[in-house]
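Chemist: Okay, sequence plus prediction incoming.
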Amino acid sequence: MTQFASKRKYSHTSAIPPDFVPSYPSDLPITQWREKIVSAIREHQVLIITGETGSGKSTQIPKFCIEAGRGRSGLIGCTQPRRIAAITLAARVSEEIGLNGANLVGYKIRFQDRTARTTRIKLMTDGILLAEAQRDRNFSSYDTIIVDEAHERTLNIDFLIGILKQTLPKRTDLKVIITSATIDPEKFSNAFGGAPIIEVSGRTWPVEVWYRPADETGDEDTGDLTYIDQAVAAVDLLKLGPAGKRGDILIFMPTESDIMETVQRLEDKCYRSTVVMPIFGRMAASDQQKIFAGIPEEKIVVATNIAETSITIPRIKYVIDTGLARTAWYNARSKTRSLPVAPISRASADQRKGRCGRVEAGICVRLFSETEYLDRPLYTPPEIQRSNLAEVILRMLHLKLGRIQDFPFLDPPSDSAIKDGFAVLRELGAVDDHHRLTTIGKMMARLPLDPRISRMLIEAKRENALRELMIIGAALSIQDPRERPLDQEAEAQQAQAGFRDNRSDFISLLKMWQACWQEEEQRSSRRTSSQLRKFCREHFLSFRRIREWRDIQDEIRSILSELGDFSENSQPADYDAIHRSILSGYLSQVALRKDKNIYSAARGRQAMLFPGSNIFNKGGQWIVASELVQTSRLFARTTANIDSAWIEEIGRDLLKYSWSEPHWEKKRGQVTAFEKGTLYGLTVVDRRKVNFARINPAEAREIFIRSALVEGDLPAKYGFREHNQALLSQIDQLESKTRRRDLLVDEETIFAFYDAHIPLISDIRSFDQFIKELGGDGLLRMKKEDLLRTGPDVCAIEQFPDTLRVNGSELPLRYAFRPGEDDDGITLIVPVHNLPALSAEPFEWLVPGMLPEKVTLLLKGLPKAIRKHLVPVNETARRIWPDLHFGNGDFYGRLSESVFNLAGVRISPGQWDPEQLPGHLRMRFEVVGPLGNVLACGRDIEALRPLAVEKHEDELWHKAKKTWERDKVAVHDFADIPQSIQIGTDALGIARFAYPGLAEEEGSVAVRLFAQPGRARQSSLAGLMSLYKDIFTAELKDLRKTWAFPDSFAPCVFFMGGVRKASSILYDYILRCLFGLQAVQHPYRTALLENIKILKGRLGILGNEIRTPVVEAMQQRHDTRAVIERFIRMAGKNRAVTGRLSVIASELEELIPADFLSCFPQGRVRLLHRYLKGLGIRAERAYVYPEKDQAKEARYIMYRARLDEIEKRVLSRPNQEGLDFLEHVSQMIEEFKISLFAPEIKTLFPVSEKRIEKELSPWDIRT
C-alpha cells in the first residue's frame, strides 16, 4: 500500500465478494486466453493486450481484472474514445456480470454520470479521465486503469499514456492495461519499459473480400455521390442477387449526411423483413441502443467509423466499406485544422472487414479496387502527427500536463515544431511571453476546435458576429466548393456571380451559404438531397463539399451549444465585425500592398493575390488571407481588404514598437518621437507621434533643454530667453565680423547652465509650473561672462561697418561666418527700387576689414610666371593694402596699379581671377521689397536685376499712381512727362522712385507708372504707336491693303505663315520704320509733333520705299531656295554636292529667318536682296565645284565663330557701342562672302580678311 491509498474514495468499501468469479462467453476468442491474462494482470504493473476487432477485449478484460483481484481498493477505470462505446460497453459488461452488474458497473460521459459508491467498473471517455487527472494526477480513486482502443492514438490517448507513465513510479499499486488492435503494439510496450504483450486471435470464420470500385465515369463534381450509389447497389447485390444472401449488413459511410441519405434510399427499397438503422456519435443514446437490440428482422446498419473498433454490433455477416472517413488533419498551408473526407488506411480497412465473420463465414464488399487498397498507407498516423501542435500545446496547458518538451509522448514532436506551436498560440493571444495561458487561451482550450477557428469564434462572440463566423470557420475547414470546369469556365463564373463581393472572399462564402441554406432556414426544413444537387449543379458547386460544409457548421454549433455561453447574433454582423473576428485568427497572414496585386507578407515573404480571388485587381492597402499557397509563386487565397487599425487593435501584444527621431515639437509643447509598430516585419504603424517623455524621460529632458532652451524654440515669449538671446546676438555679430569662433562659449556650456537649474521636466506645461513655483525666471537669466570667452580688438571692429554708402544712400550690411553656406560673408541689403542704379564694380572693394584677405588670395591666384616676382606673397599683400585707397576707382584696376607701383610687375585687370575667391570675399546682395520682404539673394547683381522689372506695389506706390497716372491720353492734350519721380522712402529709409511712361490699353493710350525706366520706355513704344495710328487713321485704312502681299506671292511668304500673317508682319514693320519706333525712347511731345508734321501726306510714298526692299528680298529668297532645291535633286546621291548645298540652305535660313522683320534693323533688310542673290550664285558653283566651296567657307567661318562669342558677351550687358559693332562686323562678313562666292556682285565697301581681323581683335579681349 502506498502513501496515496488512504486518500482513495473507495478504499473503505467493496461490493465484490472475495470469491467472486465472473462468467465468460465461450464464443469469444479472448476467453481462451483468460488464465494467461489474469495471471499477467496479477504479476505485472503494465500489460499490453492486442487482438483483432470482435475478439472480446473491451467486454472481458474488466472482468479479468475482477478475477485478478482488482477493483477492491479502487475503481477499475476503462476509457473509450467515444461516448457510445462507453455507454454500450457498460450495459454489456453489467449484463454479463449478472445480478449485481447494475451495482458494480457504471459509466460517465460529458454531462452524464451513471456511477455510484458501489461502482467497481467505471467506463468513461478518455476525456473524462483526463479531466479527472487535472484534479488528481495520481488517479487516487483507481487501482486499475484500462486504456481501450489505444491503437487509435488520439491526443487524449497519448496524453493518458504519458500521464500514466509519469504516475506509475509513484503508484506502484496501480495496474495499467493497454488494449489495442494488432497495430504496432511494440510501441506501447517500449513506452512502459518493455511491458509484456499478449496477442489474442480474433476472427473465428473466414471472410471473403469483394472489390467493387466505382465506375470510372462517375463524377462527384456533377453532384453524383458515387459511393452512396455503390453502397446501395452492393446491398441490392447481397439482398436481391442470384445467391439471395441473408444476414445483417454493416455499411461504413464517412459523414452523417451520407448516412441519412443512404438510410433514406435503402428504406425506399422496402427490402423484405429488413430494418435500416443509422449509427453515429451524435445520436441520442436511446437511438444508438437500438442497433444492439435483438429483433427478428434482418438489419442494415449504416455507420460512421464509430463502428470500426469502438463497438461490436451483433449478427453482422456482411460489411460494405466505402473506404472513406472524416479524419481531422492539420492543413499546414492554411494553418487550420480541417475535417476532410479522405481514404482510410489499410489497417482501418482490415478493422472494418473484421466486423463480419463472427457468427459464420462473412463477406466484405470494398467499394474500391485492390490496387487502391494496396497503395494506401498501412496505418493512420497518430493524431499528434495530424494536429496543429499549437492545439496539442493548448490542451496540455489546459490539462496542466507540464512542459511539452518533458512530456513522455509515444511520438515526441521536434523542438522546432514545439517552437512553432507556441508561436501560433502567442499570435492568437492564447499564451503570454512566459507560455502561460491567457484568459483568451483558457476560453480557447474549452473549444475542441482548431485554435485559429477557436480564436475567431471567441472574437466573434465579442463582436456579436458568431453566426457568420461559424459559417466561415466551417468553410475554412473544407476545400473550396466552387467548381470551374475548363470547358465551362465562363458559365461557372456567370452562375457564381451572385456570390461575388469585391471587398472580401469571406463575404462571398457567406453569400454562397445564404444561397444554399437561407430558403430552408426560412422554411425550417432542409432541402431534399435532389433539390440540393440541382442547386449545386446549376451553380457549379460541389454537392459533397456543400454538405460537408453544413455538417461541420452543425458540429461547431453543437460544440458551442454544449458550452452554453455562446449565443448566436440575431441581427447580421457588419463587415468590420466579421473581418476583425477573422483577423484575430490570421494575424500572421496579413499583407501590405507593394504593387498592384503584389503584397509584402509576414516574415519577408512576397505574395500575389490569387487570380481567382474576388479582390484581384481590387485589393486594398492591407489584406488578410486564410492561406498562403506556394505553387509557381506564393499566392494569397481567400482574402479580404482590412483596416490596418484593426491589426494593432487586435494584435497589439504582437507588435514590436520602436521609436526614432525624438525631437522637440514647439506646437505641441513637448518632446515627441515617431513610433513605428511592426508585425512580423510589416510596418503597421509608421511615424506616429508620441510623447517621448513616457518612453525615456531623461533623454526627453535633455532634448527639451537643448531645443527649447538652448536653441530658443519656445512657443511663447519668455523674459529670460529674450535677455539671453540679446547677449548671444551681440557676441555672434562680433564673431561674424571678425570671422572667428573663439568669442562665444559652445552650446555645451549653455546646456550646462540650464541643466544645473532645470528639474526632470520636458514639456511647456511643466516648465511654466516650475517658473511659477520659483516666483520668476531670474534663475535662468545669463550674464555676459557666462557667454564670452575673450574680448575682441576694438580697432578691428571699426573695419567692419554696419552700413555702406551707395549712390548717396546708406545701405545696411549683415555679416555671417558660415563657411560653405549661401549667406557666408557680407550681405548688402538692397531695396528693389535701388537695384537698377547699382553696378557690380564698387562692391569689389567689400569692407576695409576683409580687403587684406582678398588681396592676398588674388595674388596667390596669379599665374606662377607672375607670382614668382611677388614672393613672399603675404608680405607683398601687406605692402599693397595701404596704397589701395579703399573705394577709390575700379578695384582691379587700382590693384594692378598698386602692384606695378610697388613691385614693377604689369598685370592687366583681366588677369585677376575673382572666380577662385571663396564666397565670403564676394559681396552678397539681398533684394528687399517696399515692405522689407526678401525678394531674392545672390552674389551676381546682374542676375538679380530682373527683379526690378516686377511690380512691388504698396501704399506709397498707390498714392503716386493717383497723382501721376492718366487714362485716355490724346495727341492734342499730350504733355511732356518726367523721366522719373520720387514717391517717398522705403522700409530702410531710402528714397524710392517711379518712372512714368505711355501704355496702350484697350484701344486707348494712358500714362502709367513703372518700377524701372527700361520698362517705362519699352511700354511707351506701344503707346506712341497707338497715338500715331490715331492721327493717321484715314490714310492707313487704304494703305494696309496697298502694302499687303498679293495672293500670288503665297509661295514666297509661306515660311512666314502665309499671305495674311506675312502681310500683318510687314504692315507693323513699315509703321515702326515710318514712326521711328525701332529703338526704345522716352515719349517727348516735341519729337512726336515734329514727326507728325514730316509724315503728313507722305505715308504712302515713304511706306512703299520701305516695302520695296522687303518684297525684293522675299522674291529673291524664293528664287534662291528653288535654285538650291533644284541642284539638290540633280545631285542625286552625290554626297559631296548635297552636303555643300545643305550648308548653303542652312545659311539661307539664318540670313532671313521667319521673324526677320521683327528683329532686323531697316538697314540690314535693305541689303538682304543682294546677299540672297549671292547665295544663289554660290549654289550654282558649289554644284560644279563642291570642294572649292568648302575651301572658301573655311576662310570666313572662323570669323563668324569669333563674332558669335563676342555677341554673347555684348548681349549679356548690352550697350549701343557693342550693338553697333555687331551689326557692322556682321555686314563685313556678308560682304566678304560676296567677294568669295559671287565677285560679280560688287561689295559695298572694301573688305578683306585683314580688315575683319582688325575689327575683331580689340573686342576679343574686351569684357
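Modeler: Perfect, I can see it now.
Chemist: before we move on, what SS does residue 717 have?
Modeler: Here residue 717 is recorded as coil under DSSP: H, G, I helix; E, B strand; the rest coil.
Chemist: That one: how many residues sit nearby?
Modeler: Neighbours of residue 717 under the rule other C-beta atoms under 10 Å: 7. Where you see a C-beta, it was placed from the backbone N, CA and C, and this is true even at glycine.
Chemist: Show the pLDDT at it.
Modeler: As predicted, residue 717 sits at a pLDDT of 86.
Chemist: What backbone torsions are found at it?
Modeler: Dihedral pair for residue 717: phi -80, psi 140, per degrees, to the nearest 10.
Chemist: what do you get for residue 359?
Modeler: phi -110, psi -20.
Chemist: Name the nearest residue to it, sequence neighbours excluded.
Modeler: In this structure, residue 359 finds its nearest non-sequential neighbour in residue 315, 6.3 Å apart by C-beta to C-beta, 6 or more residues apart in numbering.
Chemist: What pLDDT does the model give residue 1136?
Modeler: So, for residue 1136, pLDDT stands at 91.
Chemist: Test my guess that residue 1040 contacts residue 1067.
Modeler: Yes. Judged on C-beta atoms under 8 Å, residue 1040 makes contact with residue 1067 at a distance of 5.7 Å.
Chemist: So between the two, which is more surrounded?
Modeler: Shown here are residue 1040 and residue 1067; by other C-beta under 10 Å, residue 1067 has more neighbours (19 against 15).
Chemist: for that one, what are its contacts?
Modeler: 1040, 1043, 1044 (C-beta atoms under 8 Å, 6 or more residues apart in numbering).
Chemist: and the last one, how far is that from residue 1153?
Modeler: Remark: distance between residue 1044 and residue 1153 (C-beta to C-beta, to the nearest Å) = 21 Å.
Chemist: so which strand or helix has residue 828?
Modeler: Assigned by DSSP states H and E, residue 828 belongs to strand 825-831.
Chemist: Tell me the strands beside that strand, with direction?
Modeler: Next to strand 825-831 in the sheet, as set by DSSP bridges, lie strand 809-816 (antiparallel), strand 924-928 (parallel).
Chemist: Can you lay out those as JSON lines showing mean pLDDT and distance to residue 65?
Modeler: Output for those, formatted as JSON lines (pLDDT from 0 to 100; distance: least, C-beta to C-beta, whole Å):
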{"stretch": "strand 809-816", "mean pLDDT": "88", "distance to residue 65": "102"}
{"stretch": "strand 924-928", "mean pLDDT": "91", "distance to residue 65": "107"}
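Chemist: which one of the ones you listed has the most crowded surroundings?
Modeler: Ranked by mean neighbour count under mean count of other C-beta atoms under 10 Å, the strands paired with strand 825-831 are led by strand 924-928, which reaches a mean of 21.
Chemist: Could I get the phi/psi values of residue 821?
Modeler: Torsion angles, degrees, to the nearest 10, at residue 821: phi -90, psi 160.
Chemist: measure it to residue 937 for me?
Modeler: From residue 821 to residue 937 the distance is 12 Å (C-beta to C-beta).
Chemist: The two: which is more packed in?
Modeler: For residue 821 and residue 937, the more surrounded residue by other C-beta under 10 Å is residue 937, and the numbers stand at 15 against 11.
Chemist: got the contact list for the helix or strand encompassing that one?
Modeler: Applying DSSP H and E as the criterion places residue 937 in strand 934-938. Residues outside strand 934-938 that contact it (C-beta under 8 Å, 6+ apart) are 822-823, 827, 832, 924-929, 944, 947, 950, 952.
Chemist: so which of those comes closest to residue 1111?
Modeler: Nearest to residue 1111 out of those is residue 950 (C-beta to C-beta; 41.8 Å).
Chemist: Could you list the domains of this protein?
Modeler: 5-200, 207-381, 466-564, 709-794, 800-944, 1032-1184, 1189-1263 (automatic domain parsing).
Chemist: Take those domains and lay them out in CSV including distance to residue 608.
Modeler: As requested, these are exported to CSV (distance: least, C-beta to C-beta, whole Å):
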stretch, distance to residue 608
domain 5-200, 36
domain 207-381, 15
domain 466-564, 15
domain 709-794, 47
domain 800-944, 49
domain 1032-1184, 56
domain 1189-1263, 58
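Chemist: for the protein, longest helix please?
Modeler: Determined from DSSP state H, the single longest helix within the chain is helix 1099-1131.
Chemist: circling back to that earlier point, among residue 1044 and residue 1153, which residue is more densely surrounded?
Modeler: Using other C-beta under 10 Å, the more surrounded residue of residue 1044 and residue 1153 is residue 1044, with 17 against 14.
Chemist: Quick check: the more buried one touching residue 1058?
Modeler: No. Shown here, residue 1044 and residue 1058 do not form a contact pair, counting by C-beta under 8 Å, at 11.9 Å.
Chemist: returning to that earlier point: out of the strands paired with strand 825-831, which comes closest to residue 79?
Modeler: With C-beta to C-beta, the closest approach to residue 79 among those belongs to strand 809-816: 90.4 Å.
Chemist: Need phi/psi at residue 623.
Modeler: Main-chain dihedrals, residue 623, degrees, to the nearest 10: phi -130, psi 160.
Chemist: Show the contacting residues for it.
Modeler: Counting by C-beta under 8 Å, 6+ apart, residue 623 touches 590, 591, 593, 599, 609, 615, 636, 639, 640, 641, 642.
Chemist: who wins for most neighbours among those?
Modeler: Neighbour counts for the contacts of residue 623 (other C-beta under 10 Å) peak at residue 639, which has 30 neighbours.
Chemist: now the helices: where do they sit in the stretch 101-250 of the chain?
Modeler: 101-104, 126-135, 155-167, 185-191, 226-240 (DSSP state H, counting those that start in this stretch).
Chemist: what's near enough to touch the residue nearest to residue 421 when sequence neighbours are not counted?
Modeler: Of all residues not flanking residue 421 in the chain, residue 389 sits nearest, at 3.4 Å (C-beta to C-beta, 6+ apart). The contact partners of residue 389, by C-beta under 8 Å, 6+ apart, come to 413, 417, 418, 420, 421, 424.
Chemist: Restricted to helices, list these.
Modeler: Per DSSP H, helices hold the following members of the contacts of residue 389: 417, 418, 420, 421, 424.
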